[in-house]
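Asker: heads up, no residue letters with this:
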């Protein structure tokens, strides 16, 4: 698809579009006790999946190997994978956006106090609320304070077209480029997202030792992959004779390992259990302890691959495609331009009931979520048909497609076979809802 004109929506009535979007949000109303009950139900579902999955994992590894044990192990991997994905995408994501903060204020006691931004998964609560490869505070700094505020601009840390620039010029056959994408699909949380969010946290903290000493020759905007931390940046520092820079990357790696080691220990715990019980003399099961440990480790690894793939499909693919836009300017938050960008640079998937929405991690309401990041799960379901109708009314792009098709669209952008539409802004400055690059930004 060819690049767009400098401005895209030359005939839109920005004031009318803005009024309609705000009226739709008002029509949805505030969160109620029903939203609290619904969130509790989602939390219980994640607990059933995680605890039940680990119980099945134990049964599948303790039994002698056979069809029953194999089925238990496969089901355990699927349950653990789904539970972890839901814990992040549905519970952690929306709570840490403040989706239930208003309910906590209007109806004290309606929800447990931990379901509030700034408290959920922070500090010791990380173990209880949301244990994953990313530090919750780091995810908040990268996602809430960067991605949402600079969607599809060069400052957006999740802009796929920028993050995979090296893939565009990599001198390998195209088929290998596509096959290499599968490696990112099953590993992206710890090979890309965890170190990159940790980097963004350092720059968000003014007193960070790492941000103050960031190497001058290393771009802060470029994605920070695990490969860069472990190999490329330290090797280049040594080749340039820069021991201070080498020491910097050693310190960065050491501090980042403090983020991922607790999660690695949680993943490895099922494999350690048979060995520990055996040393205590309480392993009366058919499978040999060492065999059970290896089997448990394999299932845990499979669960991690599955949850990485699941989260990749529903998270990475909803802002990339040759039918979506990226921008050369910033704009005023909650202006007509802002709301138009939320639609022109996001994709919704199928939606409408708890089964579909849970499979998609509630990220199938991506357009509405970027417009209003601090709403509850049920509020998005009410808002979606209203926003879709408003976009159709005003000629604003509204893409809603299957996630697997969007993954293919994202792959094409990543390997360089397609480009996003680049424009200065969507609404011309002559219209009232023009871009305002001087407006301060705050996360939703």
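Answerer: Done, it's in. Because the structure is a prediction, the values reported are computed rather than measured. Numbering: from 1, shown residues only.
Asker: Next secondary structure after the one helix or strand residue 248 maps to?
Answerer: Residue 248 is located in helix 243-279, with elements delineated by DSSP states H and E. Moving toward the C-terminus from helix 243-279, the next helix or strand (DSSP H and E) is helix 289-315.
Asker: Which helix or strand in this structure has the lowest average pLDDT?
Answerer: Counting by mean pLDDT, DSSP states H and E, the chain has its least confident helix or strand at helix 165-169, which shows a mean of 90.
Asker: Could you check the helix or strand just after it and say which residues are buried?
Answerer: Using DSSP H and E, the helix or strand that follows helix 165-169 in sequence is helix 174-188. Buried residues in helix 174-188, counted by 16 or more other C-beta atoms under 10 Å: 177-178, 181, 184-188. For every residue, glycine as well, the C-beta is placed using N, CA and C.
Asker: just checking, what packs against the least confident helix or strand of the chain?
Answerer: When contacts are defined as 3 or more C-beta pairs under 8 Å, 6 or more residues apart in numbering; DSSP states H and E, helix 165-169 packs onto helix 403-415.
Asker: that's a strand at residue 326, yeah?
Answerer: Yes - looking at residue 326 with DSSP: H, G, I helix; E, B strand; the rest coil, it is inside a strand.
Asker: what sits against it?
Answerer: 152-153, 159, 161, 345, 420-423 (C-beta atoms under 8 Å, 6 or more residues apart in numbering).
Asker: Make a PyMOL selection of the buried ones in those residues.
Answerer: Selection of the buried residues among the contacts of residue 326 in PyMOL, burial being defined by 16+ other C-beta under 10 Å:
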select buried, resi 152+153+159+161+345+420+421+423
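Asker: quick check: mean pLDDT across stretch 409-425?
Answerer: Averaging pLDDT along stretch 409-425 yields 95.
Asker: likewise stretch 150-157?
Answerer: Here stretch 150-157 scores 95 as its mean pLDDT.
Asker: In that stretch, which residues are buried?
Answerer: Result for stretch 150-157 [16+ other C-beta under 10 Å]: buried residues 150-153, 156-157.
Asker: repeat for stretch 217-237
Answerer: Within stretch 217-237, the residues scored as buried using 16+ other C-beta under 10 Å are 223-226, 228-229, 233-234, 236-237.
Asker: So residue 396 sits against residue 11, correct?
Answerer: No - the pair residue 396 / residue 11 is not scored as a contact, 11.4 Å apart, by C-beta atoms under 8 Å.
Asker: picking up where we left off before, which one among the buried residues of helix 174-188 gets closest to residue 359?
Answerer: Relative to residue 359, the closest of the buried residues of helix 174-188 is residue 185; by C-beta to C-beta it sits at 16.8 Å.
Asker: Residues in contact with the least confident helix or strand of the chain: which ones?
Answerer: The contact list for helix 165-169 (C-beta under 8 Å, 6+ apart) reads 177, 180, 414-416.
Asker: For stretch 242-255, buried residues please.
Answerer: Using 16+ other C-beta under 10 Å as the test for burial, stretch 242-255 gives 245-246, 248-249, 252.
Asker: Where does pLDDT dip in the stretch 251-400 of the chain?
Answerer: Nowhere does the stretch 251-400 of the chain drop to pLDDT under 70.
Asker: Quick check: the gap between the residue of the chain positioned farthest from its centre and residue 289.
Answerer: Distance from the C-alpha centroid of the chain, by C-alpha atoms, centre = their mean, peaks at residue 281 (43.1 Å). From residue 281 over to residue 289 the distance is 11 Å, taken as C-beta to C-beta, to the nearest Å.
Asker: More neighbours: which of residue 396 and residue 11?
Answerer: residue 396 (24 against 8; other C-beta atoms under 10 Å).
Asker: Count the residues that sit near the nearest residue to that one once chain neighbours are set aside.
Answerer: Excluding the flanking residues, the one nearest residue 396 by C-beta to C-beta, 6 or more residues apart in numbering is residue 343, at 5.1 Å. Residue 343 sits with 28 neighbouring residues when counted by other C-beta under 10 Å.
Asker: Tell me how far the host helix or strand of residue 343 lies from the chain's centre.
Answerer: Here residue 343 is covered by helix 336-344, with elements defined by DSSP H and E. In terms of C-alpha atoms, centre = their mean, to the nearest Å, the centre of helix 336-344 is found 20 Å from the chain centre.
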